[in-house]
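1. Model the following, please.
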Amino acid sequence: MTTTTLMILSYTSLLCAFSLVPFATWAFHCAPSSRLIHWNDVEPRTSRPVSDRLFAATSSGDPNGTRKSKRSRASSTSKGSTYPKRNTNRRYDDEKSKQSTKEAWSSKQPTSSNGKSSRANPNQESMYIQFSRVFQRHVVYRHIPSNNDTNWDGIGDTTITSMTTASRSTEEVMESFEFLDEAMAKYPGIPVLAPKDLPFPPPTCSIEWDSNEDVEEKTLIKTTVDGGVGGGARKRRADVEQDECESTVAGMGLTTLCELQYEYDCVERMSTTNSLDASSFQRQQGAVSSNVDELGYRYDQSRLAIQTLLKLVTTPESQINLPRHFFRLDPKRFASRGLTSDVILKNHNRLVQLLSGVLGMKQRDIDFVLSNFPQLCLYNGDEVECMIDFLVSPLPQQEFVSVVMVAEKGIGGESVDWPRLWWKGFGAGLTVSQAAASLRVMPELLAMYYEDSSKPSILYMHQQMRLSVSPTLIDETNTNLGHLIEGTPPSDAYFFAYMSSLGVSWGQLRILISALKLWCNCNLDPTWEIMQRGPVRSMFRSSAMDYLRQRLQVKPSDLHRMIKTHSRLTGYDACFKMKPTLNKLQSTFGLTGSEMRKIVLRMPSLLGMGIQSIEDKLKFFLNEAGMSMEQLRTALLKQPSLIQYSLDTTLRPKARFFLHELGIPSSLLSRIITTAPALMGFSLSDNLRPKVCCLMRRCALNQFQVGVLIATSPSLLSLSQLGKMNYECKIEPTLSSLSELLEIDNPHDLGQILMAAPRLLHHSIASLDDKFSLLTKSLQSKEKAIIALRNNPSLLTWTLIVLRERIDLSLEMGNDLFTSLQPSKRGRRKMMQQSPPEANYEDAVIVSFESSSLESISMICPTVSVAAKEAGLSKSAVIEAIQAGQCVDGKFFSYLKDISEPGTALKHVSHDDHKVSISLFVSGSVYPGDRLDVARGQSRTGGICLKVINDGTIDNYESIVDDVLAAASSCFGILVPNSTGNVILAVFPLINPSKNRCELFSLLGALRVVESFIKTRRTDGDSRTYDIKIFSDSNYALKLVSNRDRLLKLGGCFAYSEELLSSLNMKREYVNIDILHPLARSFSRLNGQDEPPQSRNKKVVDAKVQFLHSMDSISKQDDWVKDWPGRSGPGFVRFLKRQARAAAEWQYNRQ
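-> Here you go, the predicted structure:
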């Protein structure tokens, strides 16, 4: 006996010894003191009889033969079940059992009066859904009757000799789906069969009941889901929960194994005992209950199966010295899959035929494969044959565009119907020799379960298997496969490089990885990129990773990104944390499998929520916000983080803001949350209230009139006040453009126009210009166009195409165009029927944390009296605080009308020989950007764009630009080669690139360039004063640098401390201190502040630096602006953002 045989036998014996512990525990629970009720005694999830859910394709009460969904499934009792009860002592009469089961199955097939099938759709009478472990998809099959198949019962596969030859002619693959609910929704009423290797009954259909309960309590609790009525009487044992997670079928969602239907052959096999060895289950009569007798029998059979397997896979010719990795060969696993000695022997013989007949392997190679990967003998032979056939089938033709995209770029693999592609005779196109060589080295490629698919380490492959792959080829593999192997262990790339050395093309590898999900594994070893994100386990739990891959149908790259976004995910248990949370979310909000995957990819921290937390949020939205479940579901799909917001610090304060400060009726709060759920996550003091104040001040509206605008168009508050994502949909620039177009000088008139058409602010400035030009041309008068738009502002909310069609139609009918453009009496129904409360805009009082500022606003009050009441002060005290500008209890009070508007426009000034003004516009971006269908945390790169503007004060402008470019080349690490003229493109050099970090770093880069430029000028004897203005389009970055005193205080410290950040009211995780502190240090030096004693740098004299927003400085009259797209400031800002994104994309492709 070889060393391998001894090691495997010793290891297996050890596992068998340990497996006696759970067996003894299980037997103890089945003793007379407590009762183990199996699938045919109780119903684990629904009120429908288990026999109907398990075996019958239809019920007698459903003449159409449709399988009702879980939500609409009608309640019924088990009295009507026609499925025969299984004898608990397992001593069946073989022929009697077969006949009764056959009769029960026949009784389930509905027929009409003429004897024909009564299914609603005749085309579906021979269709069924079954899970394919090869492709990890739910496949819809249609049986094609043949001459030798006249008695087919409409369910399952017919008895065939070879799947590759006969199955394609008898079983048509109609379509496949990643999630079962999608298949059931598109093909309602057809049977859903259990996977081919799942035993009958499934291993997880068991529930434990306390022995001290009376019959009435058991009956009452038995009819509930998850023990909702009987308190804690209904229990699920820990080992059963573990079994459910381990036996999870990918994409099943909320459907359990107990609700699937089973083929007749499977039931027949489980109902007969004649072929079994009677001596293996002889027991003392009366020693234990019949349930223990049955369980012990299954365990005896599993131990015999293990012994049979070890005899088959261990041979004297085995040449391996050490097992590549230990695997589970315990009796529990064999018993749960219904594996017996006969099944093992049958699978082994089938495997030998496949490996020798299809792949041409010699007996020595077959023994090598089976001894290294004995799990192959546990798999269904048809599934293994399908896998091998897919490997050697030819590649599809070019007309399969989706497959071509996968082969060329590796994208879109989840949208390709791989099972149907295989049914049509196509596959990966490997040669027989390539497939045989690959499987001999890595038989794990044929794995059907995630727990079996892990590959050995690179060290093992190099030392034990004598594989040698050059590092150059491995680097080439990482480059060509890219995101397909992101988050996988290094052994995956090593083996794919080996396959490339065999002549397998990169396109074929992309097809294989995309089609066969088990070919890639999750890297369980955390990398430095993940470890620096937050607390992580030293080694990830393989069971948790496998469960997420199956439940959500995600790739290793998705899991890798999820962990980078939410590192605590590595500490969650699959059975006791992830599974209950996912079930609760999916069942509560009625989400499909794809929708569940979408929201978890966008917000992985949802997996860490507790059941009680979900219940509390649900009560708030349903009871306090007045939302319906459909509205809440819609809002959650738009904003997955909605369910995670804190009740006391986020959700309830937002609700009070809308209801009390804006005067919106409570009946409209649900519409606001449904239409714009992102508003619930915005900051009240720094975002929502400043926007409301902006509308009040620019349009002379009181806060309740602004509430009418928000009730009509809730997404109005999601627009940026100055500029952020969409540079033509901003509040202040759009209002300014509207005032110029319609020649409005009075803010009150502008407010009336906005009240008549609140959705005006959603349209871009360029769109408003184009519509105004069209009306001016059509009416042949600018004055008439202005009058028409003032009378009917909603004309500007139409699309340009619709407006042109209305004008053409009016002219064709011979109507007066000016009269036709007047407003209709019908109009759109108002959201708020009652008028807003009366209040004067000039009396509005702003309560903020900063003096005379529209930032950090804590409250908007319509009058001084309201402000005094809310603050708990007297009216005279508030008036005194307003007049003196004093701080009362940490808050400042001021009239909104008295707060000055920021005037920072870029002005052309006369030439001064002793002063130089330099304006720098900066922008930052990342690539690739965020998308709803892509997991957060994907690998990205950042880019920086910097442009120098001549504002009329520089006489030798070209010399200045050359010196700035020279300074930039020394300050930025990597410059994009395409940087030309006065536009500088650079790469974000730090870790963790994000939009906010790139935008903040663009300011730091501009400061470094300016500092280097001025120092160089000073060395050359230049003594002029430099006035530097740095413009950015980032609200995030400008918010951090807007407080000059705070920035100088931070820059005066050589090293920051937590106490300093706390005193400056800066949160470390929000401010990106690794960028902000160097920025503050440079800003301090450029503004002439003395350096700390530890610093080697010197302050810069005769210089002044200030940060401004890009949109505050750009005017349509500027000559340099007219050269940019859109001939406006937003067009120029978009140009800078595109350039920054181009720099990021250049670096992404370069890496």
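2. residues touching residue 1100, list them.
-> 1011, 1014-1015, 1018, 1085-1086, 1088 (Cβ atoms under 8 Å, 6 or more residues apart in numbering). The C-beta positions use only the backbone N, C-alpha and C, and glycine is treated the same way.
3. When you compare pLDDT across those, which one is lowest?
-> Here the lowest pLDDT out of the contacts of residue 1100 sits on residue 1018, with 78.
4. residues in contact with it?
-> residue 1100.
5. again, but for residue 552
-> Taking Cβ under 8 Å, 6+ apart, one finds 558, 593, 596-597, 600-601 in contact with residue 552.
6. cool, and residue 361?
-> Residue 361 touches 355, 369, 436, 440, counting by Cβ under 8 Å, 6+ apart.
7. run the last query once more with 10 Å
-> Residue 361 makes contacts with 352, 354-355, 367-369, 432, 435-437, 439-440, as judged by Cβ atoms under 10 Å, 6 or more residues apart in numbering.
8. sorry, back to before: which of the contacts of residue 1100 count as buried?
-> Using 16 or more other Cβ atoms under 10 Å as the burial test, the contacts of residue 1100 include 1011, 1014, 1018, 1085-1086 as buried.
9. The longest strand along the chain: partners in the sheet, and parallel or antiparallel?
-> Secondary structure of the chain per DSSP state E: the longest strand is strand 915-927. Sheet partners assigned to strand 915-927 using DSSP bridges are listed as strand 941-949 (antiparallel), strand 1025-1032 (parallel).
10. what about it, distance to the chain center?
-> 34 Å (Cα atoms, centre = their mean, to the nearest Å).
11. repeat for stretch 464-480
-> Its chain's C-alpha centre and that of stretch 464-480 lie 32 Å apart, by Cα atoms, centre = their mean.
12. Endpoints of it, how far apart?
-> End-to-end span of stretch 464-480 (Cα to Cα, to the nearest Å): 28 Å.
13. from here on, count from 295
-> Sure, I'll start counting at 295 from here, so that last one is stretch 758-774.
14. Could you list the residues in contact with that stretch?
-> 614-618, 666, 704, 734-736, 750-752, 754-756, 779-780, 784, 786-795, 799-801, 803-804, 1445.
15. Swap in 6 Å and give it another go.
-> With Cβ atoms under 6 Å, 6 or more residues apart in numbering as the test, stretch 758-774 has contacts from 755, 787-788, 790-792, 800.
16. Stretch 1070-1083 too?
-> Contacts of stretch 1070-1083 (Cβ under 6 Å, 6+ apart): 1036, 1069, 1089, 1101, 1112, 1115.
17. quick one on the thing from earlier: among the buried ones among the contacts of residue 1394, which ones are in strands?
-> Using DSSP E, none of the buried ones among the contacts of residue 1394 sit in strands.
18. I'd like those laid out as a markdown table, including distance to residue 1057.
-> Converted to a markdown table, the buried ones among the contacts of residue 1394 look like this (distance: Cβ to Cβ, whole Å):
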| residue | distance to residue 1057 |
| --- | --- |
| 1305 | 42 |
| 1308 | 43 |
| 1312 | 49 |
| 1379 | 44 |
| 1380 | 40 |
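19. Tell me the one among the contacts of stretch 1070-1083 nearest to residue 857.
-> Within the contacts of stretch 1070-1083, the smallest distance to residue 857 is 51.5 Å, found for residue 1089 (Cβ to Cβ).
20. one step back: what about burial for the contacts of residue 846, which qualify?
-> By 16+ other Cβ under 10 Å, the contacts of residue 846 give 852, 887, 890-891, 894-895 as buried.
21. Show me the shaky parts of the stretch 395-544 of the chain.
-> 395-419, 440-463, 495, 497-541 (pLDDT under 70).
22. redo that, cut-off 80
-> By pLDDT under 80, the weakly predicted segments of the stretch 395-544 of the chain are 395-419, 439-464, 493-542.
23. How about the stretch 595-744 of the chain?
-> In the stretch 595-744 of the chain (pLDDT under 80), the answer is 608-627, 629-632.
24. For the longest strand of the chain, buried residues please.
-> Within strand 1209-1221, the residues that count as buried by 16+ other Cβ under 10 Å are 1210-1221.
25. So what's the residue count around residue 1183?
-> Residues near residue 1183, counting by other Cβ atoms under 10 Å, number 8.
26. That one - nearest residue in space that isn't next to it in sequence?
-> Of all residues not flanking residue 1183 in the chain, residue 1165 sits nearest, at 7.2 Å (Cβ to Cβ, 6 or more residues apart in numbering).
27. and the one you found, how many neighbours does it have?
-> 20.
28. just the one 4 residues further on next, same as before
-> Applying other Cβ under 10 Å, we find 14 residues neighbouring residue 1169.
29. Am I right that residue 1435 sits in a helix?
-> Yes - with DSSP: H, G, I helix; E, B strand; the rest coil as the criterion, residue 1435 is assigned to a helix.
30. ok, residue 961 - how many residues close by?
-> Other residues close to residue 961 by other Cβ under 10 Å number 11.
31. about what we covered before: so of the contacts of residue 1394, which ones are in helices?
-> 1305, 1308-1309, 1312, 1379-1380 (DSSP state H).
32. Which one of the residues you listed is nearest to residue 1328?
-> Here the nearest of these to residue 1328, counting by Cβ to Cβ, is residue 1380; it sits at 19.6 Å.
33. ok, that closest one to residue 1345 distance?
-> 9 Å (Cβ to Cβ, to the nearest Å).
34. now swap in residue 1210 and tell me
-> 23 Å.
35. Same check on residue 1074?
-> For residue 1074, the distance to residue 1345 (Cβ to Cβ) stands at 60 Å.
36. Okay, strands next: where are they in the stretch 1345-1445 of the chain?
-> Counting by DSSP state E, counting those that start in this stretch, one finds strands in the stretch 1345-1445 of the chain at the ranges 1397-1403.
37. which regions of it sit below the pLDDT cut-off?
-> Checking the stretch 1345-1445 of the chain against pLDDT under 80 turns up 1350-1364, 1405-1426, 1445.
38. all helices of it, in order?
-> 1352-1357, 1362-1365, 1367-1380, 1423-1444 (DSSP state H, counting those that start in this stretch).
39. would a markdown table of these with distance to residue 697 be doable?
-> As requested, the helices of the stretch 1345-1445 of the chain are exported to a markdown table (distance: least, Cβ to Cβ, whole Å):
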| stretch | distance to residue 697 |
| --- | --- |
| helix 1352-1357 | 54 |
| helix 1362-1365 | 44 |
| helix 1367-1380 | 44 |
| helix 1423-1444 | 24 |
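40. so is the closest residue to residue 819 other than its chain neighbours in a helix, a strand, or just coil?
-> In this structure, residue 819 finds its nearest non-sequential neighbour in residue 833, 6.6 Å apart by Cβ to Cβ, 6+ apart. On the three-state scheme (three-state DSSP), residue 833 is labelled coil.
41. Backbone torsions only: list them for residue 833.
-> Here is the backbone geometry of residue 833 (degrees, to the nearest 10): phi -150, psi 130.
42. Pull the number of nearby residues for the residue nearest to residue 1376 when sequence neighbours are not counted.
-> Nearest residue to residue 1376, sequence neighbours excluded (Cβ to Cβ, 6+ apart): residue 1301, at 4.1 Å. Look at residue 1301: counted by other Cβ under 10 Å, it has 26 neighbours.
43. Now do the SS call for residue 1301.
-> Reduced to three states by three-state DSSP, residue 1301 is helix.
44. Please report how far it lies from residue 1287.
-> Counting by Cβ to Cβ - residue 1301 and residue 1287 are separated by 19 Å.
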